[in-house]
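Participant: Give me a model of this one.
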Amino acid sequence: MCEYCFGPLGVEYNMDRAGKLMTRKRIRNGPNSMWRYRDLLPLEGDAAIDLNAGFTPLVRADRLAKRIGIKNLFIKNECFNPTDSVKDRMVSVAVSKAVEFKYDTVACASAGNMSLALAAHAAAAGLRCVIFQSAKQDDARTAGGGVYGAEVINVDGTPADVNRLCVEAASRSRWAFINVHLRPFFAEGAKTIAFEIAEQMGYYLPGHVIAPMASGSMLAGMARGFHEIRALGLVRGPEIKISGAQAHGCSPIVKAFEENTNVIRSVQPDTGIRSLCVGNPADGIYALRAIRESGGFAASSNDRAIMDSVRMLAETEGIYADPAGGAVIMALRTLLERKRIRVNEQVVLVVPARGATTPDPADTAARKPRTVKPDTAALKELLDSMGGAYGA
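Facilitator: As a prediction, the model looks like this:
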């Protein structure tokens, strides 16, 4: 975090040097994972924790396109990542940096997908993993982290309490929190979605990309990726438009876009779409800026319409997506209705994660969560018992 403005820090690269290294041939000869783009990823050594995240399919969605009324529709299917979500990309970079910085414990506050990704990558890196989550969550994915040996802490409070306690623990322990200490590196992983879309489309960019927005980090990272790969002279085609999708009950970025303001007001989430349930998006201003600078748009939809779109995607393309994927489809439909997207425009939808199916049978083998009240004294007692090196 910047000590002057308290905003998130970003990573800067020597683009002249990167331009000499990162050629199409070098990319093609790289690993079949996001690390084929390591010349523009913030890792100085050879300690990449690579579980083959990334290099996910980009597929035509002709049946869905016909149902919606558009001609050139593609899906970037992030369900094929190691733990079934886009979070594997960001966590792969963040955990690699944790190893480089010689941390022995990584931690996060999460509603599900991030915790599973972090637990898996921490296990592969030989690091201890601690996950903070709301005790009110019943998602099987949140329990899955324990299978990888992660310590799961159930906070007896709301998601806001979880985040607050997580930030306090980050300031007092010697653990590397993904969404605090390693946030600038975490965000860099999202760039690789843009790099892959460019490569998979023959280095000719589509007209429009639509992605879901929770904290805003994925969309902002993608925008940075499209900018960087164009700066290297690797792509052709017009400037790409980037649009974002949220749920009506938690849409602070969309509201700021519609009100033509740069002030993103925190909201109390009122939606069942948990993967988009971030009322105070840390990277919201950067996502908003990326949308506006690219000429894109922001749209939100109600929960029922989002879930109907999840079913539509499954019925037409055989892809069972997390509800955030349904939000992206609804955003496309909204933009078509408002004539913000032409029916013959080439559009890519980013589907961020696989939908939950049945409770994980491995739950019985997982470490059992610890529970803590959302106050400082209880947190101190718990961290001390876990060797968290709680400060004075």
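Participant: Could you double-check that residue 199 lies in contact with residue 25?
Facilitator: No. If you go by CB atoms under 8 Å, residue 199 and residue 25 don't touch, sitting 11.9 Å apart. From N, CA and C alone the C-beta is placed, and that goes for glycine too.
Participant: If you count surrounding residues, which of those two has more?
Facilitator: Between residue 199 and residue 25, counted using other CB atoms under 10 Å, the more crowded position is residue 199 (19 against 7).
Participant: which non-adjacent residue is nearest that one?
Facilitator: residue 27 (6.4 Å; CB to CB, 6 or more residues apart in numbering).
Participant: and what of residue 37?
Facilitator: Here the residue nearest residue 37, using CB to CB, 6+ apart, is residue 195, at 4.8 Å.
Participant: so where is this structure shaky, pLDDT-wise?
Facilitator: Scanning the chain with the threshold set as pLDDT under 70 gives 1-9, 111, 136-144, 357-367, 388-392.
Participant: Tell me where it has strands.
Facilitator: 58-60, 72-77, 105-109, 128-134, 151-155, 176-177, 208-212, 241-247, 298-301, 346-351, 370-372 (DSSP state E).
Participant: The second one pairs with which strands, parallel or anti?
Facilitator: Sheet pairing here is set by DSSP bridges, and for strand 72-77 it gives strand 58-60 (antiparallel), strand 346-351 (parallel).
Participant: Which residues does stretch 72-81 contact?
Facilitator: 53-54, 56-62, 64-65, 85-89, 117, 193, 196-197, 201, 206, 317, 319-321, 332, 344-354 (CB atoms under 8 Å, 6 or more residues apart in numbering).
Participant: With respect to residue 258, which of the strands of the chain lies nearest?
Facilitator: Across these, the minimum distance to residue 258, taken as CB to CB, is reached by strand 298-301, at 7.2 Å.
Participant: Ends of stretch 28-47, what's the gap?
Facilitator: In stretch 28-47, first residue to last residue: 21 Å (CA to CA, to the nearest Å).
Participant: starting at the chain centroid, how far to it?
Facilitator: 19 Å (CA atoms, centre = their mean, to the nearest Å).
Participant: got the contact list for that stretch?
Facilitator: So stretch 28-47 is contacted by 11, 13, 18, 21-22, 26-27, 48, 50, 52-55, 89, 92-93, 96-97, 99-100, 184-185, 188-189, 191-192, 195-196, 228 (CB under 8 Å, 6+ apart).
Participant: Tell me the buried residues in that stretch?
Facilitator: 30, 33, 34, 35, 36, 37, 38, 39, 40, 41, 42, 43 (16 or more other CB atoms under 10 Å).
Participant: winner for burial among the strands paired with strand 72-77?
Facilitator: Stretch with highest mean neighbour count among the strands paired with strand 72-77: strand 346-351 (a mean of 25; mean count of other CB atoms under 10 Å).
Participant: on that earlier part again, in this structure the residue nearest to residue 37 contacts residue 229, no?
Facilitator: Yes. Applying CB under 8 Å as the test, residue 195 and residue 229 come out as touching, 5.7 Å apart.
Participant: care to break the chain down by domain?
Facilitator: 58-85+190-351, 87-185+360-385 (automatic domain parsing).
Participant: Could you say which one of the strands paired with strand 72-77 comes nearest to residue 164?
Facilitator: strand 346-351 (29.7 Å).
Participant: okay, the angle between that closest one and strand 241-247?
Facilitator: 40 degrees (axes from the mean of the first three to the mean of the last three CA atoms, to 10 degrees).
Participant: Show the residue spans covered by the helices in the stretch 51-200 of the chain.
Facilitator: 62-68, 87-100, 113-125, 140-144, 159-172, 183-188, 191-200 (DSSP state H, counting those that start in this stretch).
Participant: I'd like the ones you listed written out as CSV, with distance to residue 288 added.
Facilitator: CSV is the format used below for the helices of the stretch 51-200 of the chain (distance: least, CB to CB, whole Å):
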stretch, distance to residue 288
helix 62-68, 26
helix 87-100, 20
helix 113-125, 22
helix 140-144, 28
helix 159-172, 21
helix 183-188, 15
helix 191-200, 18
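Participant: Select, out of those helices, the one closest to residue 338.
Facilitator: Comparing the helices of the stretch 51-200 of the chain by CB to CB, helix 62-68 comes nearest, at 14.0 Å.
Participant: And that closest one, what's buried?
Facilitator: So, applying 16+ other CB under 10 Å, buried residues of helix 62-68: 64, 65, 67, 68.
Participant: what's the farthest-apart pair in the residues you listed?
Facilitator: Farthest-apart pair in these is 65 and 67; separation 7.3 Å (CB to CB).
Participant: for residue 177, what are its contacts?
Facilitator: Contacts of residue 177 by CB under 8 Å, 6+ apart are 106, 107, 108, 109, 166, 169, 170.
Participant: hang on, the earlier thing: which one of the buried residues of helix 62-68 is nearest to residue 290?
Facilitator: residue 68 (24.2 Å).
Participant: and the residue nearest to residue 37, how many neighbours?
Facilitator: 25.
Participant: change the start of the numbering to 16 and stick with it
Facilitator: OK, 16 is where the count begins now, so the last one is residue 210.
Participant: got the contact list for it?
Facilitator: Taking CB under 8 Å, 6+ apart, one finds 42, 49, 52, 55, 240, 244 in contact with residue 210.
Participant: now the fourth one: how far from residue 223?
Facilitator: Spatial separation of residue 55 from residue 223 under the definition CB to CB, to the nearest Å is 23 Å.
Participant: Kindly reformat the contacts of residue 192 as TSV containing neighbour count and distance to residue 325.
Facilitator: Converted to TSV, the contacts of residue 192 look like this (neighbours: other CB atoms under 10 Å; distance: CB to CB, whole Å):
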residue	neighbour count	distance to residue 325
121	28	31
122	32	31
123	30	26
124	26	25
181	25	29
184	25	34
185	19	34
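Participant: Out of these, which comes closest to residue 316?
Facilitator: For the contacts of residue 192, the nearest to residue 316 is residue 124 (26.1 Å; CB to CB).
Participant: Quick check: the gap between the residue lying closest to that closest one once chain neighbours are set aside and residue 242.
Facilitator: Spatial nearest neighbour of residue 124, chain neighbours left out: residue 181 (3.7 Å); criterion: CB to CB, 6+ apart. Computed as CB to CB, the residue 181 to residue 242 distance reads 31 Å.
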